[in-house]
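*Asks:* Here you go, sequence then predicted model.
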Amino acid sequence: MKQGIFEILKNERLAPNVFRMVLAGDTSAITAAGQFVNIALEGKYLRRPISVCDLDGDRLTLIYKAVGSGTAQMASLPAGGSLDLLTGLGNGYDISESGDRPVLLGGGVGVPPLYLLARRLLAAGKRVSVVLGFNTAAEVFCEADFRALGAIVTVTTADGSYGIRGFVTDALPTDYDYFFTCGPEPMLKAVWRAARTDGQFSFEERMGCGFGACMGCSCKTVTGYKRICRDGPVLKKGEILWET
C-alpha cells in the first residue's frame, strides 16, 4: 500500500451516473488487475474504494458510478485538480490460473476491473471472451474498449433493449475453461451456480478502512471469515460459502 497525490487529467461521463477519471501519479504499488484504490474526499470521513480499470505507466484510469454524496462529489471534480489516494489495495486476480480460453463476466460497475485483466490475459496469449451485463441499453459502457483490445464481446441487458435479453449467465460461451467475474452479489451467486469450471470472484462491499483493520467487510469462507478489502476482493470459487 502506498499513499500519494494524483493529478486529475480527465473526468468524463460515460453513461447515466457513470464516469471515467484518468489520473497521473505514482502507480508502482498497483501490481495486479482487480486491485483498488481508496480516495480521500474533502469533508468526508471515510475514503471511497474504487477498482482500478486500467494502468499505463503513471496513468491510472478509474470508472465509477455516482451513487452517493462521495462519488457525486468525485463526479464534479474538474481536470487539473488533485486527489489523495491509497494505492495497491487488495489482492487482485491471479492470472496464473486462467486456462487458455477464459471468460470474463461483469455486471454494471463490476465491469471496469475486468478491462486491465482482459488486457493482461490477451498479452499472455489467451483467447478471451467477455460478457458485460447491464439493466438497459442506456447503461452500456466499455463495449468498444473491450472489442478494441481483441476480446470476444457479448452484451446482455435485463430488459432486452440491447444485445442478448437476460443476464450474464444467459450468455456463457460453450468453450470456456476458466472464469473471472465481478459484480453485485446476486450476479456472483448466479455465476457460482451456473459456471462449470473453477474461477475467481471479485466482491463489491462497503468498506470502512480499506486495509483490514475494521473487519467491516468480512465474507464467510471454508477457512473462516475473510476481509474483502485485505484478503480479497478476489476469492476463488471453491473457498466461498454463501450466506443463506
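*Replies:* Yes, it's here.
*Asks:* you'd agree residue 39 is up against residue 87?
*Replies:* No. Residue 39 lies out of contact with residue 87 (C-beta atoms under 8 Å); the separation is 10.0 Å. The way it works is simple: take the backbone N, C-alpha and C, and place the C-beta from them, glycine included.
*Asks:* Angles on the backbone of residue 3, please.
*Replies:* phi -100, psi 140 (degrees, to the nearest 10).
*Asks:* Now do the contacts for it.
*Replies:* With contacts defined as C-beta atoms under 8 Å, 6 or more residues apart in numbering, the neighbours of residue 3 are 84, 85, 86, 87.
*Asks:* Please apply the same query to residue 106.
*Replies:* Shown in contact with residue 106 (C-beta under 8 Å, 6+ apart): 112, 113, 114, 130, 131, 132, 133, 168, 181, 182, 183.
*Asks:* From the contact counts, what lies against the helix or strand containing the third one?
*Replies:* Right, residue 114. Assessed by DSSP states H and E, residue 114 sits inside helix 113-123. Helix 113-123 is packed against strand 48-56, strand 102-107, helix 143-149, strand 178-183, with contacts defined by 3 or more C-beta pairs under 8 Å, 6 or more residues apart in numbering; DSSP states H and E.
*Asks:* The same query, at a cut-off of 6 Å, please.
*Replies:* Helices and strands touching helix 113-123, by 3 or more C-beta pairs under 6 Å, 6 or more residues apart in numbering; DSSP states H and E, are strand 48-56, strand 102-107, helix 143-149.
*Asks:* tell me which residues of that helix are tucked away?
*Replies:* By 16 or more other C-beta atoms under 10 Å, the buried positions in helix 113-123 come out as 113, 114, 115, 116, 117, 118, 119, 120, 121.
*Asks:* and which of those residues is nearest to residue 94?
*Replies:* Closest approach to residue 94 among the buried residues of helix 113-123 (C-beta to C-beta): residue 117, at 10.5 Å.
*Asks:* What pLDDT is listed against the closest one?
*Replies:* In this model, residue 117 is scored at 98, pLDDT.
*Asks:* Let the chain start at 891 from now.
*Replies:* In the new numbering, first residue 891, that becomes residue 1007.
*Asks:* Now tabulate the contacts of residue 893 in TSV and tack on pLDDT and distance to residue 1032.
*Replies:* Listed next are those as TSV, based on pLDDT from 0 to 100; distance: C-beta to C-beta, whole Å:
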residue	pLDDT	distance to residue 1032
974	98	27
975	97	22
976	95	25
977	96	22
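*Asks:* could you dump the buried residues of helix 1003-1013 to CSV with distance to residue 939?
*Replies:* As requested, these are exported to CSV (distance: C-beta to C-beta, whole Å):
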residue, distance to residue 939
1003, 12
1004, 17
1005, 17
1006, 16
1007, 18
1008, 21
1009, 22
1010, 21
1011, 24
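*Asks:* ok, these vs residue 943, which is closest?
*Replies:* When the buried residues of helix 1003-1013 are compared against residue 943 (criterion: C-beta to C-beta), the nearest one is residue 1005, at 5.2 Å.
*Asks:* So the closest one is in contact with residue 943, correct?
*Replies:* Yes. Proximity of residue 1005 to residue 943 meets the contact threshold set by C-beta atoms under 6 Å, at 5.2 Å.
*Asks:* rewinding a little: which one of the helices and strands packed on helix 1003-1013 is the most hemmed in?
*Replies:* Most buried of the helices and strands packed on helix 1003-1013 by mean neighbour count (mean count of other C-beta atoms under 10 Å) is strand 992-997; its value is a mean of 28.
*Asks:* Using the record's assignment, carve the protein into domains.
*Replies:* Domain assignment for the chain by automatic domain parsing gives 892-979, 985-1094.
*Asks:* Go through those and pick out the most buried.
*Replies:* It is domain 985-1094: most buried of the domains of the chain by mean count of other C-beta under 10 Å, with a mean of 19.
*Asks:* roughly how far is it from the heart of the chain?
*Replies:* Domain 985-1094 sits 11 Å away from the centroid of its parent chain (C-alpha atoms, centre = their mean, to the nearest Å).
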